[in-house]
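Participant: please find the sequence and the predicted model below.
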2 protein chains.
Amino acid sequence: MRTRRVHLKQRPRGLARPGDFEVVEVELPPLQAGQVLVQNLWMSIDPYMRRSMEAEATDLEPWPLGAALDGPSVGRVLESRHPAFRAGDVVESMSGWQEHFVSDGQPFVPYLSPSHSLAVRASAGAEPRDYVGLLGIAALTAYGGMACLARVSAGDTVVVSSAAGTVGSIACQIAKLRGARVVGSAGSPDKVRWLRSVVGIDHAFDYREVVLRDELRAACPGGIDVVLENATPEHLSACLPRMKELGQVLIAGFVGTYSDRGSMRIENFEYVLDRFLTIRSYRIMDFLDRYDEFVRDMLAWRAEGRMTLQETIYEGLEQAPAALCALFTGGRIGKTLVRLA
Amino acid sequence: MRTRRVHLKQRPRGLARPGDFEVVEVELPPLQAGQVLVQNLWMSIDPYMRRSMEAEATDLEPWPLGAALDGPSVGRVLESRHPAFRAGDVVESMSGWQEHFVSDGQPFVPYLSPSHSLAVRASAGAEPRDYVGLLGIAALTAYGGMACLARVSAGDTVVVSSAAGTVGSIACQIAKLRGARVVGSAGSPDKVRWLRSVVGIDHAFDYREVVLRDELRAACPGGIDVVLENATPEHLSACLPRMKELGQVLIAGFVGTYSDRGSMRIENFEYVLDRFLTIRSYRIMDFLDRYDEFVRDMLAWRAEGRMTLQETIYEGLEQAPAALCALFTGGRIGKTLVRLA
């Protein structure tokens, strides 16, 4: 059987371009005992993938040139020679960037234990695409930061950067659900309007239009309890002078640096010392014991109309490179997905 | 009754000098019901006191000009009109920098609950001076960092800066007792020799004689699990590229900046992001529930010959300003105390 994949053709300098990728046709090997053949339905497009394009990345496994890539996807079993799967099962994997793949099945997603079977989770009212959206890695990152690590509570002031992205917009909503006052920064007037009117946070601003430190002073007159930093070291530095004593800074990523990353510098570090702050760069592996709770909460909140995820959908594998590149040229609100079947 | 105090006469720029202080004679008010009269026996000299001399300090209460100062001390009750104290009781307080003082007695030390009575602790084999030395604030800072927050364990590689100071030298010994490999930096050949021969850490170096980042690479070939940073933002920045994934940086202070502090900058921050590090500035109030355990451990370790605190003792209140100033001109190993009676 033949299928199509996206390969990385060359490593970009600066902004990634669709021409850095190529769509190739490959022959899948015949199914062996213990294997399943999966057709991908949806794949996730995430900012961290720009890091995967760098040969020298150490925070993740760099993508190879001219071979299969990885990324979150959800698919359907077409044929199974594995006792745990039957044709028709919906399965989550890290085998995105291709239309079909053969797998030995366990675990499809390295960060999920086998007990997190999609069969169980699907019963809670999730659709396949939710596993790369509302219940995907970025959503889990937001949940972990707000609910597991910072444990945002009523009355807290929370600042979120890249607030109109997937991590940011879900984090804003979780912080609101927990009773916090939420301030979000984003990079376009459309995003700011959306944050105000749809997400309903307390204050949103376009970081390109303000002096960051002054804006944060005006927006957080009583200080900041928690920062969820998604954007840049500069944004983080500007938050520090506004932090309250014992405040927490969580770093989910520096999306603003992924296309052109050099050595990073943090300013205003005296506030870390004087106010007994904690700065933590975190990852979803650190709170996977809360995964079931995350799924239950997210689906319940959506059912109650208190959680929304804006989606931009690209159609077809050949659009996946453009979908990733567009993350870094601005304009996209919320989650970017590619429909593969 | 008349006694002597040290007052701050003027606020220094840069290095503090003994002339910034003056010794004054004051009249103590007559003892009221509920009060005790205490004669100080020992006072502690700590680097943080240089920060107390700054009018604009926000991390602690700045010392006033021309009035009583505060600082850790241990004394003896001379006269009591307080039901909980009798003449002869040994009491710990924050009423240093004076030979006698009148107090309403509870709590003598703001960070100790009344249940931490000296009567109980004295039974464990501590002498009065231990309460400003081996059992004082700096020792508690070291214990909290190594045992309560970082929870250093066997096989960890731990880097300690200002390793020959009180916090540093006690932290080095606790880390060794917990089975870690310990690397310490200090600022003189004498300190380095002392760290090697007396404290017995695995590697000690004079930070003034090396390229910090290269030295740390050679000293920690397998990476660093925990940094206890006492010195400068530059030292911390140099540690970051050597940190292991999920490593912890604890900041007990930046002693090297106390005499001339501007805005602070951290370099190499990409390692915080990529290796999922935590950086935390901490204070003893965050682990006071471990205070009894701290006292028990420290006294037991000393009794077993596994814990030493080098002391430099100044005689008499009039030497206290010089004792503080000498902390910042180098040369002192371990703890500086002033004997007041």
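Facilitator: Looks like it arrived, so ask away. Residues are numbered from 1 along each chain as shown, chains lettered A, B, ... in the order given.

Participant: residue contacts, residue A:253?
Facilitator: Counting by CB atoms under 8 Å, 6 or more residues apart in numbering or on different chains, residue A:253 makes contact with A:47-48, A:167, A:230, B:273. (Each C-beta comes from the backbone N, C-alpha and C, glycine too.)

Participant: looking at those, which one is closest to residue A:199?
Facilitator: Nearest to residue A:199, judged by CB to CB, of the contacts of residue A:253 is residue A:167 at 12.9 Å.

Participant: what about the helix or strand encompassing the closest one, near chain B?
Facilitator: Using DSSP states H and E, residue A:167 sits within helix A:166-177. No - using CB under 8 Å from any CB of the partner chain, helix A:166-177 stays clear of chain B, with a minimum separation of 14.1 Å.

Participant: which strands and helices sit next to that helix?
Facilitator: Counting contacts by 3 or more CB pairs under 8 Å, 6 or more residues apart in numbering or on different chains; DSSP states H and E, helix A:166-177 is packed against helix A:137-143, strand A:157-160, strand A:181-186, strand A:224-229.

Participant: tell me which of these sits most buried.
Facilitator: strand A:157-160 (a mean of 30; mean count of other CB atoms under 10 Å in any protein chain shown).

Participant: show me what that one is packed against.
Facilitator: On a contact count with 3+ CB pairs under 8 Å, 6+ apart, strand A:157-160 meets helix A:166-177, strand A:181-186, strand A:224-229.

Participant: for that strand, the distance to its chain's centre please.
Facilitator: Relative to the chain's own centre, strand A:157-160 is displaced by 18 Å; criterion: CA atoms, centre = their mean, to the nearest Å.

Participant: hmm, back to that, would you reformat the helices and strands packed on strand A:157-160 as CSV and include mean pLDDT?
Facilitator: Formatted as CSV, the helices and strands packed on strand A:157-160 follow (pLDDT from 0 to 100):
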stretch, mean pLDDT
helix A:166-177, 98
strand A:181-186, 98
strand A:224-229, 98
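
Participant: so can I have a markdown table of these showing distance to residue B:88?
Facilitator: As requested, the helices and strands packed on strand A:157-160 are exported to a markdown table (distance: least, CB to CB, whole Å):
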| stretch | distance to residue B:88 |
| --- | --- |
| helix A:166-177 | 56 |
| strand A:181-186 | 55 |
| strand A:224-229 | 47 |
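
Participant: quick one on the thing from earlier: tell me the one of the contacts of residue A:253 nearest residue A:321?
Facilitator: So of the contacts of residue A:253, ranked by how close each gets to residue A:321 (CB to CB), first place is residue A:47, at 14.7 Å.

Participant: contacts only, for that closest one.
Facilitator: A:165, A:253, A:255, A:258, A:327-328.

Participant: coming back round to it: now distance to residue A:220 too, for the contacts of residue A:253, in JSON lines please.
Facilitator: Output for these, formatted as JSON lines (distance: CB to CB, whole Å):
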{"residue": "A:47", "distance to residue A:220": "26"}
{"residue": "A:48", "distance to residue A:220": "28"}
{"residue": "A:167", "distance to residue A:220": "20"}
{"residue": "A:230", "distance to residue A:220": "17"}
{"residue": "B:273", "distance to residue A:220": "24"}
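
Participant: biggest separation within these, which pair?
Facilitator: Longest distance between any two of the contacts of residue A:253 is 14.1 Å, between A:167 and B:273; criterion CB to CB.

Participant: what about these two, which has more around it?
Facilitator: A side-by-side neighbour count of residue A:167 and residue B:273, using other CB atoms under 10 Å in any protein chain shown, places residue A:167 first with 28 against 20.

Participant: contacts for stretch A:300-312, please.
Facilitator: With contact meaning CB under 8 Å, 6+ apart, stretch A:300-312 is reached by A:125, A:133-134, A:139, A:166, A:169-170, A:173, A:177, A:194, A:198-199, A:298, A:323, A:332-337.

Participant: can you tell me the element the residue lying closest to residue A:84 once chain neighbours are set aside falls in?
Facilitator: Sequence neighbours aside, residue A:105 is the residue nearest to residue A:84 in space, at 6.3 Å (criterion: CB to CB, 6 or more residues apart in numbering or on different chains). Counting by DSSP H and E, no helix or strand carries residue A:105.

Participant: which ones are touching residue A:105?
Facilitator: Counting by CB under 8 Å, 6+ apart, residue A:105 makes contact with A:34-36, A:82, A:84-85, A:91.
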